[in-house]
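J.: 3D, please:
(chains A and B)
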Amino acid sequence: MSETHSDIPGPVPAETPVPERGYSMGREKLMLFLRNAMGVFGLILVLLFFASAIFAPLFATHDPLAMDIPARMSGPSADHWVGTDQLGRDTFSRVLYGGRVALKIAAIGVTVALTTGLILGMVAGFGPRWLDNLLLLVFDTIRSFPTVVLALAAVALLGPSLELVLTIVIVTTIPGYARLARTSTLALKNTEFILAERSLGASTARILFVHIMPNVIGPLLILAAMDVPVVVTIEAGLSFLGLGVQPPTASWGTILNEGYLIIRDTPWMVIAGGIPLVLTTLGFTFLGEALRDVFDPKLRRGR
Amino acid sequence: MKDPLLDIRNLNVDFRTPRGRVHALRDVSFSVPRGKSVGVVGESGSGKSTVIWAVTQLLARNAVVESGEVLFDGEEVLSWSESQMMDVRGEKISIVFQDPMTSQVPVLNYAQQMTDILYRRRGMSMAEKKKKAIEMMRRVGIPDPESRIIQYPHQFSGGMRQRAGIAMALLMDPMLLIADEPTTALDVTMEAQIIHLMRELQREFEATLMVVSHNLGLIAELCDEVVVMYAGEVIESGDVRDIFYRPAHPYTQALLECDPAREEERARFLPVIPGDIPDLHMPPQGCVFAPRCRYAAEKCHDVEPKPTTLPEAGHNSRCHLLDGTVTVPSGKSKSAETRRADDTTSPRQVDGAALLDLSNLSVRFQVMGAVHARLTGVSTPYVDAVLDASLSLRKGETLGLVGESGSGKTTLGRAILGLVPAKTGQVLFEGQDLLKLPPGAFKALRRDMAMMFQDPVGSLSPRRTVKSLITEPLEIHGRNGKNLDVEAERLCDMVRLPKNFLSRYPHELSGGQARRVGVARALALNPSLVIADEPTAGLDVSVQGEILNLMSELQAEHGLGYLIISHNLPVIRHISDKLAIMYLGRLVERGNCEAIFDKPAHPYTEALVRGVPKPDPDKRRTLLSIEGEVPSVTNRPQGCEFHTRCKYATDLCRTERPDEQMLSDGRILTCHHPLAI
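T.: Coordinates of the predicted model:
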């Protein structure tokens, strides 16, 4: 090798500000995100939601199931911060514990739906035509059912339970992820780098999980962040109708339902059950939108 | 009128990016005299497109014009309001874009698009507008414009679309016509036609033309004056002959030397300009070209050179060599480094063992389902992309496969590797018929065959690091106890990529660096055959030499057989031993590369060879070498498939398809009337 050749890229690393790893891009994105006030606000709300649910036993002032009959249906006081319900249980503590149900549903539901949707979507996009058509038919069939009606039918058959709520949430949200993953996979399927992998003799599994997945998963994660409040409200809605979590377990939906029954005596339960629902929805929506703006430059340019 | 139509003075443009300001244009000054054509030449990143957008005030929103003046017809453009500017765009200044597919509205037909351009002419009736549009279409050489004007862009071929684009630009009779890489998206034969057309039109309309391109041949054929840009600065400007015959700046000299079309002699090693374009976030203190300049002295790195006027009228350049403060160091030759000169002379060793042998390979694509075809009455629901292709390649040999786009050359390459299924024929690779192998056995053979794809960056998986990309072949085919870290470093050394690049991602690489990664990936398993699809596509002239030299060196070292697919004839000529010319899926001529270039025997080969624009302003072509366009593969002409464009065609050619015949020098040809050799 001649001297001239060995120093070809020589001046480049010294002068370019591009650091060794790709973290210049990561840092750039972080700066963009931090500049987005709504996004930061959303992130704070989301962290608050996680913390309150995970550390509920530490923050709770009372046992959520302990009854204080003399103080039933009371308003806010030094002892009961946002009052008590019709059985004299502390509403603040019940809201905190109710958050655990919401978190459980959201975390498990969204994770399972995301993973399944991602795999099914990639298979549909990359696999043969007939498989694609078959899977699309299944996705569209599921999507054609209204969630609540599907839930009512399922509960009528199987009886209400948290697991059933979870299953319904997962089944109804899978098609959304799968559709998105399928479209992105289709767009990547005929790109040169996939062809290059095939020419190397890479297996289909390798192409899907090593090369397609990292390119597809970004938008899916953003969708998942924005789906969390949807899932939480589905759970609250079903519990409100008495189809989800069963008493005495606290859930935001059951708190709302019970509060609704005694709203003429005290409005505090409805308020206490509604506010976390509103904040969680806002938090995840803001976070999701901020993430989309940061990671999807095509949408940002129009602003 | 002595004052120039467009006068750019000391223009400075910055782009605001999250990583700081990019100083895209620095102190750019040049002028476009009335009735002349000026070419702006530069490699990617030189800022030549930014100049166009600054003149038309269509800069991206994060651009800031720091200082400078743009005078158009004596008036300052930069201070104009948006509505004043809109009156000028399209009316007085119009642009022909690089890619007509994306610059024309796909959902409107040409009549609609062209009458829309005339929307300010309130006095004209619709019928008059349409008549004017049809006339213009006829003028740019679109046959039967009355019926074609109601067609949509997707119904036009690439060359026709570019003609329509020129018609649209000329419709308002603009004072200044800007052409941004007008032929880059086209084939050689189309390029020759468009150059010819633009020259004619300029003479006829007495238009002032500004051509922006990286293609030196195009500039030499089309322009009166040339402006050479590098890294956002004008480093040299002057009359086209001064620039091409007496280049003053070392960059211009090197750029001209790098163009393979200029070399008369066949050289296995092409000249290169080492290094990369500087990062414009912080341009170098001294001369921008100093880090890559072969004459650079200490002063060049510290002091920025001022523009110097040379003895020839209007010839300016920016270099310390010219203001006399720096002299050419003795002992350094004035010509570009022709490294390894000994290799260029030594005869190449071809050990004779057959590596690849294709016989009568055909590839057929189904275009509609059998039922659909039956219902719509289509008797041939398929197209033949490759027909009866026979080729052979020996170890250590390079075969160039050449043809226009749509000739099936890429499909042929892919069919050899089994990426598209072949219909009939035989692919013998080291004695084994690949088409008859079960998939499991084929995978094992893939170790010995590798493919390089067209797009250097696009053929790398975007979320993987360079290290995992170049070691991936080993992961797929088994490591055999090799340490991946060691292997990654070995491959990096082999393609001369610095080791700290191993942790980078493809988007952080330049085209040349990404191409090196592609080469490393292809050679990771020590294959014996490499199929390279357009290995120099997307690379600048100064970089393509590096890649080709690297490929040659590796070939000599490992005895590789290369099948190089390209439409770039000058490059193919320098690197190939054998040549195969493809037209409409058939090989029309094949044989020794040099012999074919010296005396093409097939009329199509002749047209291709003559079609390359020469970067020499005194060798402008006056006659078109080939007319018309490639017919569609769905509707093959009867008889010899080339007869529709062949100037020697006879009745025999129109009725009977010629058989293969061997010429006295071993060339195989499909033509009734071979040219005298």
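
J.: Okay, the residue in the stretch 101-250 of chain B that chain A sits nearest to and B:Arg515: tell me how far apart.
T.: In the stretch 101-250 of chain B, the residue that lies nearest chain A is B:Ala231 (12.1 Å; C-beta to the nearest C-beta). Heads up, the C-betas are built off the backbone N, CA and C, glycines and all. Distance from B:Ala231 to B:Arg515, counting by C-beta to C-beta, to the nearest Å: 21 Å.

J.: The two: which is more packed in?
T.: B:Arg515 (30 against 25; other C-beta atoms under 10 Å in any protein chain shown).

J.: Now do the contacts for the nearest residue to that one once chain neighbours are set aside.
T.: With C-beta to C-beta, 6 or more residues apart in numbering or on different chains as the criterion, B:Arg515 has its nearest non-adjacent residue at 4.2 Å, and that residue is B:Pro456. By C-beta atoms under 8 Å, 6 or more residues apart in numbering or on different chains, B:Pro456 lies in contact with B:Gly511, B:Gly512, B:Ala514, B:Arg515, B:Gly518, B:Ala537, B:Gly538, B:Leu539.

J.: could these be laid out in CSV, adding distance to B:Pro4?
T.: Below are those laid out as CSV (distance: C-beta to C-beta, whole Å):
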residue, distance to B:Pro4
B:Gly511, 35
B:Gly512, 37
B:Ala514, 40
B:Arg515, 40
B:Gly518, 45
B:Ala537, 36
B:Gly538, 34
B:Leu539, 34
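
J.: picking that back up, roughly how far apart are the residue of the stretch 101-250 of chain B closest to chain A and B:Arg262?
T.: 23 Å.

J.: same question, B:Ala595
T.: For B:Ala595, the distance to B:Arg262 - C-beta to C-beta - is 21 Å.

J.: What residues does the stretch 451-600 of chain B have near chain A?
T.: B:451, B:453-455, B:458-464, B:472-473, B:476-477, B:496-498, B:500-501, B:503-505, B:508, B:513, B:521, B:546 (C-beta under 8 Å from any C-beta of the partner chain).

J.: List phi and psi for the nearest residue to B:Gly158 once chain neighbours are set aside.
T.: Excluding the flanking residues, the one nearest B:Gly158 by C-beta to C-beta, 6+ apart is B:Leu186, at 5.7 Å. Main-chain dihedrals, B:Leu186, degrees, to the nearest 10: phi -110, psi 160.

J.: now do B:Gly68
T.: Main-chain dihedrals, B:Gly68, degrees, to the nearest 10: phi 110, psi 170.

J.: Just give the number of residues close to A:Gly75.
T.: For A:Gly75, using other C-beta under 10 Å, the count is 12.

J.: Hmm, I typed the wrong one, I wanted A:Trp130.
T.: 8.

J.: Make sure I have this right: it is in a helix.
T.: Yes: per DSSP: H, G, I helix; E, B strand; the rest coil, A:Trp130 lies within a helix segment.

J.: So B:Val363 sits against B:Thr410, correct?
T.: No: in this structure B:Val363 lies outside contact range of B:Thr410 using C-beta atoms under 8 Å: 10.7 Å.

J.: how near is the spatially closest residue to B:Leu484 that is not a sequence neighbour to B:Glu487?
T.: Closest residue to B:Leu484 apart from its sequence neighbours, by C-beta to C-beta, 6+ apart: B:Thr471 at 4.7 Å. B:Thr471 sits at a distance of 6 Å from B:Glu487 (criterion: C-beta to C-beta).

J.: Also A:Ile234?
T.: 51 Å.

J.: related to what we said a few turns ago, for the residue nearest to B:Arg515, which three-state class applies?
T.: B:Pro456 - assigned by three-state DSSP - is coil.

J.: Look up phi and psi at it.
T.: Dihedral angles (degrees, to the nearest 10) for B:Pro456: phi -60, psi -40.

J.: what's the pLDDT at it?
T.: According to the prediction, B:Pro456 has pLDDT 87.

J.: just the one 5 residues further on next, same as before
T.: Here, the pLDDT recorded for B:Ser461 equals 89.

J.: I'd like the distance between the residue nearest to B:Arg515 and B:Val70.
T.: 35 Å.

J.: B:Gln104 now?
T.: 27 Å.

J.: Repeat that for B:Leu356.
T.: From B:Leu356 to B:Val70 the distance is 56 Å (C-beta to C-beta).

J.: Alright, that wraps it up for me.
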